[in-house]
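*Asks:* Mind folding the following:
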Amino acid sequence: MRLKLSMALAVLFGTAAHGAERARDLGIPFEGVPGALNAITDVKGVTVGHATLHGKSEAGKAIHTGVTAILPRGAASGSTPVFGAWFAQNGNGEMTGTAWIDESGYVEGPVMLTNTHSVGVVRDAVIAYRVGQGDADASGYWWSLPVVAETWDGHLSDINGFHVKPAHAIAAIENAKGGAVPEGNVGGGSGMVCHEFKCGIGTASRTVSVDKRAYTVGALVQANYGLRDSLRIAGVPVGQHLRNDRVYSEAMPKPADTGSIIIVLATDAPLLPHQLKRIAKRATMGLARMGSYAGNGSGDIFLAFSTAKPADRDGAPSTAEFIGNERIDPLFEASVQATEEAIVNAMVAARDVLDGIDGNYAKAIDHRALIDLMKHHQRYQKPTGTK
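*Replies:* Have a look, this model is predicted:
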């Protein structure tokens, strides 16, 4: 089924979708020191690309979906893996390739994010893309177990229309770049909702010092989880105050937490796979700061990788530098802080979607009302550069 060309596929770049603001622009206070871009791309070598679909099918059904690609080593991601690990806080979701991550300790190739029913087509597209890049490996065949993760965008998008195609996955990979990362209604986050607000893609970073050496931790989230009442931002019970324009009306039975979130943590700190598993677990604490309790129907799946260790391909014995466990705490704290801010950035950057499938909608969080709440609870922090 073809898409209307006027709204079919837009590959977006820039500081945020539609010139959107970020959380710090609204005076929301966060702990820790961000990197220069306050994004996962502050980790040297990491690139991010989106393929974004907004429009209607020929049958008139709403399309708000897409694909996001995170390349741990940029263009070299296909040939040079990174140490990595994953963790499921609640497993009602999918992330492919995790059995091999557990077995090998490596993340190989790009990390892809999309909607629940497009995992297969994106996975196959990544394999085909790798095959097309050059000669086979030493086995004589291209062998690949791509990492593809998902959250459900069926509240707003025609998820059973299977509108994500292989070309969209490849576009996200080929358009991946460093620099500022578009957020909100872009890529895999195009049709996502969290805490009953429009949400999507968000990112943040932290810099820390360990043994007088500077390291960066970056987070990127695809957020589609949570209920309104439990939402907390910077410690303020925002969800208990901002109750208008909920996805679910007050007359309906209280919905269950059946959403999901994918969190990807990147660092340039030298860490071994078992240490990266510990980093991945810390994403749970950043999520908890937002008021999530990881409901029964939620898929909360996290991935962490380190760009510090290059792959050894010459058959010689491998060596690895790593930070000792007794000095890893600053990286734990940075992971929690970056996760929390990335989720808030996803919410702040998002924009209303009023034309969802079957008349569904999701409104973005009201920036003015959020600022007023921060001031009322004495949590407002004047943005740098404002009068």
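
*Asks:* For the closest residue to Val147 other than its chain neighbours, give me its contacts.
*Replies:* The shortest distance from Val147 to any non-neighbouring residue, by CB to CB, 6 or more residues apart in numbering, is to Gly97 (4.2 Å). All C-beta atoms are positioned from the backbone trio N, CA, C, and that covers glycine. If a contact means CB atoms under 8 Å, 6 or more residues apart in numbering, then Gly97 has Val107, Glu108, Leu145, Pro146, Val147, Val148 as its contacts.

*Asks:* how distant is stretch 269-277 from the center of its chain?
*Replies:* How far stretch 269-277 lies from its chain's middle: 20 Å, per CA atoms, centre = their mean, to the nearest Å.

*Asks:* I'd like to know how many residues surround Arg282.
*Replies:* Residues lying near Arg282 (other CB atoms under 10 Å) number 24.

*Asks:* So it, which state does it fall into?
*Replies:* Three-state call for Arg282 (DSSP: H, G, I helix; E, B strand; the rest coil): helix.

*Asks:* check contacts around it.
*Replies:* Going by CB under 8 Å, 6+ apart, Arg282 touches Leu265, Phe332, Ser335, Val336, Thr339.

*Asks:* Mark which of the residues you listed are part of strands, please.
*Replies:* Leu265 (DSSP state E).

*Asks:* Strands of the stretch 151-300 of the chain, start to end?
*Replies:* Using DSSP state E, counting those that start in this stretch, the strands of the stretch 151-300 of the chain run over 193-194, 197-198, 201-210, 213-224, 260-267, 299-306.

*Asks:* So for the third one, what gets flagged as buried?
*Replies:* Residues of strand 201-210 classed as buried under the neighbour-count rule (16 or more other CB atoms under 10 Å) are Ile201, Gly202, Thr203, Ala204, Ser205, Arg206, Thr207, Val208, Val210.

*Asks:* that older thread, any chance of the strands of the stretch 151-300 of the chain in CSV, plus distance to Ala167 and mean pLDDT?
*Replies:* Formatted as CSV, those follow (distance: least, CB to CB, whole Å; pLDDT from 0 to 100):
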stretch, distance to Ala167, mean pLDDT
strand 193-194, 26, 96
strand 197-198, 26, 96
strand 201-210, 20, 98
strand 213-224, 20, 98
strand 260-267, 22, 98
strand 299-306, 25, 98
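
*Asks:* now those as CSV including distance to Gly324?
*Replies:* CSV is the format used below for these (distance: least, CB to CB, whole Å):
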stretch, distance to Gly324
strand 193-194, 36
strand 197-198, 41
strand 201-210, 9
strand 213-224, 13
strand 260-267, 15
strand 299-306, 15
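
*Asks:* With respect to Gly291, which of those lies nearest?
*Replies:* strand 193-194 (10.3 Å; CB to CB).

*Asks:* and the closest one, which strands flank it?
*Replies:* strand 197-198 (antiparallel) (DSSP bridges).

*Asks:* Run through who's touching the partner strand.
*Replies:* 184-185, 192, 228, 231, 347, 350-353, 362-365.

*Asks:* Ok, stretch 284-292 next?
*Replies:* 87, 89, 195, 219, 225-226, 230-233, 235, 237, 239, 257, 261, 263, 294, 298, 300, 302, 335-340, 342-344.

*Asks:* Gln381 and Leu26 touch, don't they?
*Replies:* No. Using CB atoms under 8 Å, Gln381 is not in contact with Leu26; the gap is 9.6 Å.

*Asks:* the more surrounded of these two?
*Replies:* Taking neighbours as other CB under 10 Å, Gln381 and Leu26 compare with Leu26 leading, 19 against 13.

*Asks:* Helices of this structure, start to end?
*Replies:* Listed in chain order, the helices found in the chain under DSSP state H are 98-104, 119-131, 166-174, 273-289, 329-349, 367-376.

*Asks:* most tightly surrounded among these?
*Replies:* Mean neighbour count, computed with mean count of other CB atoms under 10 Å, is highest for helix 329-349 among the helices of the chain, reaching a mean of 26.

*Asks:* number of nearby residues for Ser318?
*Replies:* A count of neighbours around Ser318, defined by other CB under 10 Å, yields 11.

*Asks:* From Thr339, how far out is it?
*Replies:* 30 Å (CB to CB, to the nearest Å).

*Asks:* Same check on Ala283?
*Replies:* Distance, Ala283 to Thr339, using CB to CB: 5 Å.

*Asks:* Identify the contacts common to these two.
*Replies:* Ala219, Ile263, Leu265.

*Asks:* Spatially central residue for the protein, please.
*Replies:* Val221 (2.2 Å; CA atoms, centre = their mean).

*Asks:* can you tell me how far the nearest residue to that one once chain neighbours are set aside sits from Val122?
*Replies:* Sequence neighbours aside, Ala342 is the residue nearest to Val221 in space, at 4.7 Å (criterion: CB to CB, 6+ apart). Separation of Ala342 from Val122 (CB to CB) stands at 22 Å.

*Asks:* next one: Asp329
*Replies:* 36 Å.

*Asks:* repeat for Leu53
*Replies:* Applying CB to CB to Leu53 and Val122 gives a distance of 13 Å.
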